[in-house]
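A.B. asks: need a structure here:
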Amino acid sequence: MSAPHIVWIHRSDAAGSDLLGGKGAGLARLTEAGVRVPPAFVVSTAAFRAAVGADLLAKIDTLAGGVPPDAEAADLEAVGVEVRELIRGVELGDTLTGAVAEAYAELGNGAAVAVRSSSAAEDSADHSFAGEHDTYLWVSGEAELIDRIRDCWASLFTARAMDYRREAGLSGAGASMAVVVQLMVPARAAGVFMTLNPENGDRSKVVCESVWGLGEPLVSGSVTPDRFYLDKVTGEIVRRDLAVKDVQLVRAACGQGTTGAEVEPELREAPSVTEEELTELLRLAKLVERHFGVPQDGEFAIGSGEGPENVYLVQSRPETVWSRTSPGRATREGSVIDSILSHLVPESVRRA
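C.D. replies: Have a look, this model is predicted:
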């Protein structure tokens, strides 16, 4: 039987990252754990291969595989531009287009969704492609959704993603991409968590970082987040570092995409999550760590209302920092996102 092209994360039948990509498989397992996750379906890696077709895949394999190991970034980008244009020109065909439209309609008429790349190689315990592939927020309408799916496929071949695969010893060609289509959370606040302290590897703590609005400014470093240290045993907030948060990322006025906006003056120095929401984040973080069996780092979004029922997890992946770094190399200045990115982003990218 052929592999399905559309898979709902709550009906995945234990499908793995070979079909759903790392992000999609992680979301499917979160739903199995009983965690609150926004509804989503995955356009599978099988759909990617079927849409691109054997001939174009072979051409892409030749182009990407022909890049020498010592190629400069400019050479990688030149090949990447050519491959991305080829992929963006792919027609999905009536069958796949109809399947995507039907699944999208199940999320709601004209629903606003996040369209998230989900590489088959990402978010394993050994490799994580955090930030290497594209994500599009507040996408609505079938035509826009189809375009963003193609853009996610094309992001397999950015210079940065190709360089990461090369440095990680993975094939520069032969890669495969699934795409997660997930109902947007109208985030009042968002952030990241780690089920250990990234400063010293202490597994008795959960550390959360949060900002107003969507979480992308936290990852990009354009906004300094609030940081909270939670004790797994007592549930106590043992430390809180509140930042001045002047700007936030919100839905664009046109309804498609995002835009920056000023934070209301009275909220700039206020905590971006409540104690009740932190308690719920602690519960969810401990639950996913038990479910996956290893320390996790993940992402969350908090809906427009206040209270634990508005806390959603939108990603969780194996922690890859402390499995590779001795405690002696830690610094007190480390944050959740800095600790993650310092080990996940290729050295050549960090130098850029």
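A.B. asks: Next one: residue 280 from residue 239, what distance?
C.D. replies: Using Cβ to Cβ, to the nearest Å, one gets 19 Å for the distance from residue 280 to residue 239. The C-beta positions use only the backbone N, C-alpha and C, and glycine is treated the same way.
A.B. asks: Between these two, tell me which one has more neighbours.
C.D. replies: Taking neighbours as other Cβ atoms under 10 Å, residue 280 and residue 239 compare with residue 280 leading, 20 against 13.
A.B. asks: Excluding residues flanking it in the chain, which one is nearest that one?
C.D. replies: residue 308 (3.6 Å; Cβ to Cβ, 6 or more residues apart in numbering).
A.B. asks: number of nearby residues for the one you found?
C.D. replies: Neighbour count of residue 308, defined by other Cβ under 10 Å: 16.
A.B. asks: got it, and residue 226?
C.D. replies: 23.
A.B. asks: quick one: residue 75 and residue 197, what's the gap?
C.D. replies: Following Cβ to Cβ, the distance that separates residue 75 from residue 197 is 41 Å.
A.B. asks: Compare the two and say which is more crowded by neighbours.
C.D. replies: Between residue 75 and residue 197, residue 197 has the larger neighbour count (other Cβ under 10 Å), namely 22 against 13.
A.B. asks: Identify the residues contacting that one.
C.D. replies: 205, 207, 229 (Cβ atoms under 8 Å, 6 or more residues apart in numbering).
A.B. asks: one more time with 6 Å, if that's ok
C.D. replies: Contact analysis of residue 197 by Cβ atoms under 6 Å, 6 or more residues apart in numbering lists 205, 207.
A.B. asks: quick one, phi/psi of it?
C.D. replies: Residue 197 adopts backbone torsions of phi -80, psi 120, taken as degrees, to the nearest 10.
A.B. asks: now the stretch 151-300 of the chain, which segments are flagged as low pLDDT?
C.D. replies: Along the stretch 151-300 of the chain, segments meeting pLDDT under 70 span 165-174.
A.B. asks: can we see that at 50?
C.D. replies: When residues are selected by pLDDT under 50, those of the stretch 151-300 of the chain lie in 172-173.
A.B. asks: could you show me where the strands are in it, in order?
C.D. replies: For the stretch 151-300 of the chain, the strands defined by DSSP state E, counting those that start in this stretch occupy 177-183, 189-194, 205-212, 226-231, 237-241, 247-251, 258-262, 296-302.
A.B. asks: tally of neighbours for residue 212?
C.D. replies: Going by other Cβ under 10 Å, the residues that sit close to residue 212 add up to 27.
A.B. asks: now stretch 52-60, how far from the chain's geometric center?
C.D. replies: From the chain centre to the centre of stretch 52-60 is a distance of 27 Å (Cα atoms, centre = their mean, to the nearest Å).
A.B. asks: which of the residues in that stretch are buried?
C.D. replies: Using 16 or more other Cβ atoms under 10 Å as the test for burial, stretch 52-60 gives 52, 60.
A.B. asks: In the protein, where's the longest helix?
C.D. replies: If you go by DSSP state H, the chain has its longest helix at helix 275-292.
A.B. asks: For the strands of the stretch 151-300 of the chain, give me JSON lines that also has distance to residue 142.
C.D. replies: JSON lines is the format used below for those (distance: least, Cβ to Cβ, whole Å):
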{"stretch": "strand 177-183", "distance to residue 142": "11"}
{"stretch": "strand 189-194", "distance to residue 142": "27"}
{"stretch": "strand 205-212", "distance to residue 142": "31"}
{"stretch": "strand 226-231", "distance to residue 142": "38"}
{"stretch": "strand 237-241", "distance to residue 142": "44"}
{"stretch": "strand 247-251", "distance to residue 142": "19"}
{"stretch": "strand 258-262", "distance to residue 142": "20"}
{"stretch": "strand 296-302", "distance to residue 142": "24"}
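A.B. asks: looking at it, the residue nearest to residue 280 is touching residue 281, isn't it?
C.D. replies: No: Residue 308 sits out of contact with residue 281 when judged by Cβ atoms under 6 Å, with a separation of 8.7 Å.
A.B. asks: Please enumerate the helices of this structure.
C.D. replies: Secondary structure of the chain (DSSP H): helices located at 17-32, 45-52, 54-65, 73-88, 93-107, 142-154, 159-167, 216-220, 275-292, 336-344, 347-351.
A.B. asks: By mean pLDDT, show me the worst of the ones you listed.
C.D. replies: With a mean of 35, helix 347-351 has the lowest mean pLDDT of the helices of the chain.
A.B. asks: What about residue 205, how many residues nearby?
C.D. replies: Residue 205 has 21 neighbours, counted by other Cβ under 10 Å.
A.B. asks: swap that for residue 155, please
C.D. replies: With other Cβ under 10 Å as criterion, residue 155 counts 22.
A.B. asks: Got the phi and psi for the spatially closest residue to it that is not a sequence neighbour?
C.D. replies: Once flanking residues are discounted, residue 155 sits nearest to residue 134: 3.8 Å by Cβ to Cβ, 6+ apart. Main-chain torsions, residue 134, degrees, to the nearest 10: phi -90, psi 150.
A.B. asks: I figured residue 30 was touching residue 38, is that so?
C.D. replies: No: contact status for residue 30 versus residue 38: not in contact, 10.5 Å apart, counting by Cβ under 6 Å.
A.B. asks: Fine by me, we can end here.
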